[in-house]
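> Can you look at this prediction? I've put the sequence above it.
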Amino acid sequence: MAEAIVNHFAGDRWTAFSAGSAPTGFVHPLALQALAEIGIQHHGESKSVEIFRGQSFDQVITVCGDAEPNCPVWLGKGQRMHIGFPDPARVEGSPAEVLAVFRQVRDVMRLRLLEYLKTTI
């Protein structure tokens, strides 16, 4: 969701790329639904951080709640910042309850990431 949010709302200043240390191979359907509800039609994919090894970035922002202790070092170029969020895909409950968590994370992610990126220009 972070990649889609940044590219949609700050794409005139930033280009976001997303990857994980343990990619699932698909974008969660409820993430796509939560994004669509705010006008974002995302067509991203789940990919490994390994595909970006050796590339340079201005900013490297880790967003998974457990990324700070599990991925303490970025081996490429770029300033690293951790802005953690809970993983809504790990929530258990009814589809409506899980979707509510995806929406909450989406909204907080939008606020916190965009505010941070405004200060880094």
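Cool, the structure landed. Since this is a predicted model, take the numbers as computed values, not measurements.
> how about the nearest residue to V63 once chain neighbours are set aside, what does it touch?
Counting by Cβ to Cβ, 6 or more residues apart in numbering, A2 is the residue found nearest to V63 once chain neighbours are left out, at 4.9 Å. For every residue, glycine as well, the C-beta is placed using N, CA and C. Shown in contact with A2 (Cβ atoms under 8 Å, 6 or more residues apart in numbering): A16, S18, I61, V63, M109, L113.
> and with 10 Å instead?
16-18, 61-64, 83, 85, 105-106, 109-110, 112-113 (Cβ atoms under 10 Å, 6 or more residues apart in numbering).
> Looking at those residues, spot the one nearest F9.
R110 (6.9 Å; Cβ to Cβ).
> show me what contacts that closest one?
M1, A2, A4, I5, V6, H8, F9, L35, I38, I40.
> Name the SS class of it, please.
helix (DSSP: H, G, I helix; E, B strand; the rest coil).
> Check it and give its pLDDT.
R110 is assigned a predicted lDDT (pLDDT) of 97.
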